[in-house]
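# need a structure here:
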Amino acid sequence: MTDIISNNRTLTIENLNPRVLEVEYAVRGPIVIRAAEIEKQLKEGNYKYPFDRVIRANIGDCHASGNQTPITYIRQFVAGCTYPSIMESSDFPSDIKQKVQRLLSACGGKSLGAYTESQGLITIREDIAKYIQERDGYPSSTNDIYLCNGASDGIKTVLKLLMNNDEKKPSGIMIPVPQYPLYSATLSEYGAYQIEYYLDEENNWALNIDELERALKESKEHCVPRGIVIINPGNPTGQVLSRENIENVIRFAEKHQLFIMADEVYQENTYLPASQFYSFKKVLMELGSPYNQMEMASFHSASKGWHGECGSRGAYYELINIDKDVRMQVNKLISACLCSTSWGQTVMSAIISPPREGEQSYELYKKERTEVVDRLREKANLVSELFNSIEGIQCNTVMGAMYAFPRIELPEKAIEHAKSKNMAPDAFYCFELLEKTGICVVPGSGFKQKPGTHHLRTTILPPVDQMKDMVERFRAFHMAFLKQWQ
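From the prediction side, this is the model:
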């Protein structure tokens with residue numbers, strides 16, 4: 001019976017959209033699937049491992065790490081918007097109550113369950129525009145703001161605008177290597193050409209203009225270059241770009257008429273005094289003409305920062321200097337999906353419009369924020385120090401975001417063995433690490449990397465004691481691995 005059914009299927013792996021087969025997303029790839037299997041086996045007690053739990057350091061999910069509780073202000077705001085009767089309690093902060101009432105007044109039927117405008121609720125876009133203006137010192141228009149279901153949704157929308165759908169010479173998008181695999185996955189899905197430029201590992205993963213010129217020049221016989229993606233602060237690399245570096249990238253993009261996509265979802269995650277975040281919009285505007293007329297999209301998210309409300313899928317992007325006819329088409333495109341989730345919009349509203357000093361909820365908010373940021377800063381400093389204390393491991397300082405991307409020197413025998421199994425060497429290494437220590441990280445090959453180098457990405461989210469335990473487990477494993485494969 002099963003054979004009869006399979007022989008009559010309309011959709012098979014043979015006739016599936018070939019672009020779907022090309023999509024890869026290592027952050028939730030085979031190693032993570034195996035980690036889930038091990039967790040289940042540990043829970044059932046059917047298998048014995050040399051560890052009693054899996055340490056998940058594969059994804060930037062703050063709340064799932066077990067080391068962060070929700071921020072009271074954000075959850076009270078969402079609770080008030082979702083169930084207004086809760087605000088009748090005398091304990092409900094008056095400042096949050098006023099903000100809830102303002103937001104609900106913009107909702108159809110004063111209910112969060114109603115559809116919003118396609119770009120998002122106007123009151124939230126007003127607050128985002130104010131946030132951007134206070135951050136950069138330059139005006140922002142609500143017409144340029146688009147709320148979306150996670151930054152991934154916004155990024156895919158903007159990339160879609162840049163596609164020419166020419167199979168012989170498709171649109172080309174410059175993406176960093178290493179990169180967040182959303183970009184390579186989306187470009188594969190869209191049939192676009194990935195113009196890979198290598199970040200400068202020896203210079204804290206900065207962008208090298210000569211390398212950008214090389215990558216662009218070599219791509220032109222394969223594609224029509226349309227845009228450049230910059231992730232700042234970096235994922236998976238944890239760098240924060242200097243102002244000078246940003247200026248040079250903007251000049252490069254203007255020279256080659258490239259649309260700028262500034263992925264700035266970690267803009268609130270910086271840990272060193274010298275690692276100040278500069279938005280691409282601020283630098284672009286301060287450079288003056290002709291740079292302040294360049295087209296650009298910048299992205300921010302509720303999932304990252306120090307608040308880490310990943311499951312809300314709240315985010316926005318700002319589209320500036322866009323042709324008015326193009327703007328009409330963008331608005332048409334997003335209207336087909338009606339709107340992003342109103343709950344995600346609400347969380348984003350809370351994040352970009354926090355309590356001000358003197359308001360009832362401010363002191364608790366300040367206390368909770370300080371505790372979270374201080375923990376992240378401590379772990380950012382700790383993880384690079386610990387990795388650099390291990391033979392054969394080199395880790396740049398974690399300047400921002402929430403990841404370390406250490407470089408691993410692997411023995412040639414291990415590399416050849418991995419290749420014989422049709423595996424990337426660092427994927428083989430990370431699978432072995434999981435099976436023998438319970439540590440779940442992502443191999444650097446999942447993010448792309450310079451040929452001949454091997455890395456892994458780990459988050460800095462687990463509690464400090466777990467981070468120390470993880471690195472000591474890692475140290476013991478690594479030394480045994482070197483001994484085994486020398």
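# for the nearest residue to residue 132 once chain neighbours are set aside, give me its contacts.
Among residues not flanking residue 132 along the chain, residue 140 sits closest, at 4.0 Å (CB to CB, 6 or more residues apart in numbering). Every C-beta, even on glycine, is put in place using the N, C-alpha and C of the backbone. With contact taken as CB atoms under 8 Å, 6 or more residues apart in numbering, residue 140 is in contact with 128-130, 132-133, 318.
# hmm, which of the residues you listed are the buried ones?
128-129, 132, 318 (16 or more other CB atoms under 10 Å).
# among the residues you listed, which are located in strands?
residue 318 (DSSP state E).
# which parts of this protein are strands?
55-56, 145-149, 171-177, 193-198, 224-231, 259-263, 296-301, 314-320, 393-394, 403-404, 407-408, 439-440, 442-443, 456-459.
# nearest to residue 484, of those strands?
In terms of CB to CB, the element of the strands of the chain nearest to residue 484 is strand 407-408, at 14.5 Å.
# show me what the closest one is packed against.
strand 393-394 (3 or more CB pairs under 8 Å, 6 or more residues apart in numbering; DSSP states H and E).
# who does the strand it packs on pair up with?
Strand 393-394 has its sheet partners listed here by DSSP bridges as strand 407-408 (antiparallel).
# what sits up against the partner strand?
With CB under 8 Å, 6+ apart, strand 407-408 has contacts from 201, 392-395, 426, 429, 444, 453-456, 478.
# picking that back up, and the two most separated of the contacts of residue 140?
Most distant of the contacts of residue 140, by CB to CB, are 130 and 318, 12.5 Å apart.
# can you pull the contacts of residue 427?
30-31, 418, 443, 445-446.
# before we move on, what about residue 34?
Counting by CB under 8 Å, 6+ apart, residue 34 has contacts 431, 434.
# ok, now with 6 Å
Taking CB atoms under 6 Å, 6 or more residues apart in numbering, we find residue 34 in contact with no residue.
# pLDDT value on it, please?
At residue 34, the model reports a pLDDT of 90.
# quick one: it from residue 71, how far?
33 Å (CB to CB, to the nearest Å).
# can you check residue 126 too?
22 Å.
# repeat for residue 313
17 Å.
# picking up where we left off before, distance to residue 326 and pLDDT added to the buried ones among the contacts of residue 140, as TSV?
TSV is the format used below for the buried ones among the contacts of residue 140 (distance: CB to CB, whole Å; pLDDT from 0 to 100):
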residue	distance to residue 326	pLDDT
128	21	96
129	20	97
132	21	97
318	15	97
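# quick one: low-confidence parts of the chain?
Within the chain, the stretches with pLDDT under 70 are 1-7, 23-28, 60, 63-66.
# in it, where's the longest helix?
Scanning the chain for the helix with the most residues, using DSSP state H, yields helix 362-388.
# if we can go back for a sec, could you dump the strands of the chain to TSV with distance to residue 48?
Shown next, in TSV, are the strands of the chain (distance: least, CB to CB, whole Å):
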stretch	distance to residue 48
strand 55-56	18
strand 145-149	42
strand 171-177	40
strand 193-198	43
strand 224-231	41
strand 259-263	43
strand 296-301	41
strand 314-320	42
strand 393-394	29
strand 403-404	30
strand 407-408	28
strand 439-440	18
strand 442-443	26
strand 456-459	26
